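S.K.: I would like to see how this sequence folds:
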Amino acid sequence: MMDPPAALNRGVGYPRPMNDALRIYRAGLGLALVVFTGLLIYWLQPILTPFIAGALLAYLGDPLARRLQRLGLNRMIATSIVFLLLFSVLAAGVLMLIPLVGRQIDTLQSQLPGMLTWAQETGLPWLEQTFGIDFGTVDLAALRNAISEHWQSTGNVAAEVVGRISRSGMAVAGAIATLALTPVVAFYLLRDWDRVLAALLRTVPPSWRATTAQLAAECDEVVGAFVRGQLLVMISLGLFYAFGLWLVGLQLGILIGLLSGLAAIVPYLGFIVGIAAATAAVIVQYSDWLIPLLLVWVVFGAGQALESVAFTPLFVGDRIGLHPVAVIFAVLAGGQLFGFVGVLLALPIAAVVVVLLRHAHAFVTG
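M.R.: From the prediction side, this is the model:
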């Protein structure tokens, strides 16, 4: 016998009030589970960071582990290889980037007084002349003098932060626990990824499993495209901008390039932030700044072209369907509601919601 929803979709009269009540009950139960899950994440967020970070690392490494399995390796060996590769790359990146970024921050601090002098003597007068804007209440001279007097005493920001953290035993314990648990969680989740997914699917009622598996596959495609693909786009753009600006000779080029790559999580934001910051840095650093400025614009133009014709089509494709405004809102909302854990979960959850809304719209419109 045809089930009631299918019969109704085909125009066969099959009114079943109890079935409608059952659907309402199930929808309410599903909504209650979503709300409870959100509350659980909110209550447990202080301890969730290593588990979420470990799950993301396992999710990133699972495709490579599957490829190694297809080459004849068992899951344990494939997991060990991927695990060592992931954490070797992360450790190398951290060991290389922290000193480099630290030196760039020191350079930025030493240049801030000069930047403020240029803004006070050149930038603001030009804006007043060109656009008729009155900046009379802006006192950059006092800010410049304060920075000139105190920047050396606050130059070692990392040491100050470490010193403050070390005075809090709970903060130290939390940081150690996070650093210790994240690789452990990542390893075991990566090793048992298929088992975990199969166990989750078995919790779904049998009549829903086919639909759930289909939705999960589509969600995986969208989330994978965003998490893996956009991450690769951000890394590629950050490295390209940093190397290009370093070749131009911009003293803050590496810092600006890396920040531009990080901001590329939102389409075009990395380009806008990077070219604005690099333009200001060029004007402050060079007295004859026209040629360096043109070279900086060439670097960002080339980066934008590479993102459009190579990085995004190759790593991401057209499978995400997330509007840039939705990306910004998801990140800010996740951070506001659940802190750092919310930032980690924001975009994957937003991508899943897009898939579910697409199916809901298709179901309602028939």
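S.K.: could you find the closest non-adjacent residue to residue 337?
M.R.: residue 42 (6.9 Å; C-beta to C-beta, 6 or more residues apart in numbering). From N, CA and C alone the C-beta is placed, and that goes for glycine too.
S.K.: confidence score at the one you found?
M.R.: Reading off the confidence values, residue 42 has pLDDT 74.
S.K.: and the helices in the protein?
M.R.: Using DSSP state H, the helices of the chain run over residues 4-9, 17-70, 75-118, 124-131, 140-150, 157-166, 169-191, 193-202, 209-224, 231-248, 253-263, 269-285, 290-306, 324-365.
S.K.: compare these and say which comes out lowest on pLDDT.
M.R.: Looking at the helices of the chain, the weakest mean confidence is helix 4-9, a mean of 41.
S.K.: residues near residue 330, how many?
M.R.: 21 (other C-beta atoms under 10 Å).
S.K.: correct me if wrong: it contacts residue 346.
M.R.: Yes. Between residue 330 and residue 346 there is a contact under C-beta atoms under 8 Å: 4.3 Å.
S.K.: circling back: tell me the most buried of the helices of the chain?
M.R.: Greatest average neighbour count among the helices of the chain goes to helix 253-263 (a mean of 23), per mean count of other C-beta atoms under 10 Å.
S.K.: who are the packing partners of that one?
M.R.: Using 3 or more C-beta pairs under 8 Å, 6 or more residues apart in numbering; DSSP states H and E, the elements in contact with helix 253-263 are helix 75-118, helix 231-248, helix 269-285.
S.K.: re earlier: hmm, the residue nearest to residue 337 is touching residue 334, no?
M.R.: No. The pair residue 42 and residue 334 fails to qualify as a contact (C-beta under 8 Å) at a distance of 11.3 Å.
S.K.: quick one, what contacts residue 267?
M.R.: Going by C-beta atoms under 8 Å, 6 or more residues apart in numbering, residue 267 touches 324, 327.
S.K.: now it: how far from residue 118?
M.R.: Distance of residue 267 to residue 118, computed by C-beta to C-beta, to the nearest Å: 31 Å.
S.K.: what does residue 192 give?
M.R.: 58 Å.
S.K.: reformat the helices and strands packed on helix 253-263 as a markdown table; add distance to residue 200.
M.R.: Shown next, in a markdown table, are the helices and strands packed on helix 253-263 (distance: least, C-beta to C-beta, whole Å):
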| stretch | distance to residue 200 |
| --- | --- |
| helix 75-118 | 18 |
| helix 231-248 | 24 |
| helix 269-285 | 35 |
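S.K.: who wins for proximity to residue 185 among those helices?
M.R.: Evaluated over the helices and strands packed on helix 253-263, closeness to residue 185 peaks at helix 75-118, with 11.4 Å, by C-beta to C-beta.
S.K.: mind giving me the domain ranges of this protein?
M.R.: Following automatic domain parsing, one gets these domains for the chain: 48-203, 210-366.
S.K.: using CSV, lay out the ones you listed together with distance to residue 31.
M.R.: Output for the domains of the chain, formatted as CSV (distance: least, C-beta to C-beta, whole Å):
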stretch, distance to residue 31
domain 48-203, 18
domain 210-366, 13
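S.K.: those domains: which one's closest to residue 29?
M.R.: domain 48-203 (13.6 Å).
S.K.: check the offset of the closest one from the chain's centre.
M.R.: Offset of domain 48-203 from its chain centre (C-alpha atoms, centre = their mean, to the nearest Å): 11 Å.
S.K.: cool, and stretch 276-296?
M.R.: 29 Å.
S.K.: any idea how far apart the tips of that stretch sit?
M.R.: With C-alpha to C-alpha, to the nearest Å as the measure, stretch 276-296 spans 10 Å from end to end.
S.K.: 15 is where my numbering starts, stick with that
M.R.: Sure, I'll start numbering at 15, so the last one becomes stretch 290-310.
S.K.: tell me which residues are up against that stretch.
M.R.: 125, 128-129, 132, 259, 262-267, 270, 273-274, 289, 311, 313-314.
S.K.: the same query, at a cut-off of 6 Å, please.
M.R.: Here stretch 290-310 makes contact (C-beta atoms under 6 Å, 6 or more residues apart in numbering) with 128-129, 132, 262, 264-266, 270.
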